[in-house]
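Undergrad: here is a sequence together with a model predicted from it:
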Amino acid sequence: MKLAGRVCLIRLTRIGRRALEGVVGITEQGSFEGWVREQDEIGVWVRPVEEEEAADLRAGLVLVKWDYVATIRVVEASGSS
């Protein structure tokens, strides 16, 4: 499935939670929402989508390796024109 350009809910494995703790805002369920910029054989490049008051303006893209991903669910497609 093509994920690039979509906002996805990414649920992490235990290893993924440990690796990305403090980098993205992980919920108690071990997931976070992010806009997927690109995907390849290593994983997905994601810009975390966080609540405005919690967002770090310096946040860039984060590589989420496939080993860190338990599931990915598309939340919304990009509204490109």
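TA: Right, received. Where do you want to start?
Undergrad: give me the residue at the spatial middle of the protein.
TA: With distances taken as CA atoms, centre = their mean, the residue of the chain nearest its centroid is Gly34 (3.8 Å).
Undergrad: Arg18 should be in a strand, yeah?
TA: No: counting by DSSP: H, G, I helix; E, B strand; the rest coil, one finds Arg18 to be helix, located in no strand.
Undergrad: could you measure from it over to Tyr68?
TA: In this view, Arg18 and Tyr68 are 9 Å apart by CB to CB, to the nearest Å. In short, each C-beta sits where N, CA and C put it, glycine included.
Undergrad: likewise Val23?
TA: For Val23, the distance to Tyr68 - CB to CB - is 11 Å.
Undergrad: spatially nearest residue to the residue nearest to the centre of the chain, not counting backbone neighbours?
TA: In space, and not counting its chain neighbours, Gly34 is closest to Val46: 3.6 Å by CB to CB, 6 or more residues apart in numbering.
Undergrad: in which helix or strand would I find the residue nearest to the centre of the chain?
TA: Assessed by DSSP states H and E, Gly34 sits inside strand 31-39.
Undergrad: C-terminal to that strand, what's the next element?
TA: Next element after strand 31-39 (DSSP H and E): strand 43-48.
Undergrad: that next one pairs with which strands, parallel or anti?
TA: Strand pairing for strand 43-48, determined by DSSP bridges: strand 31-39 (antiparallel), strand 62-65 (antiparallel).
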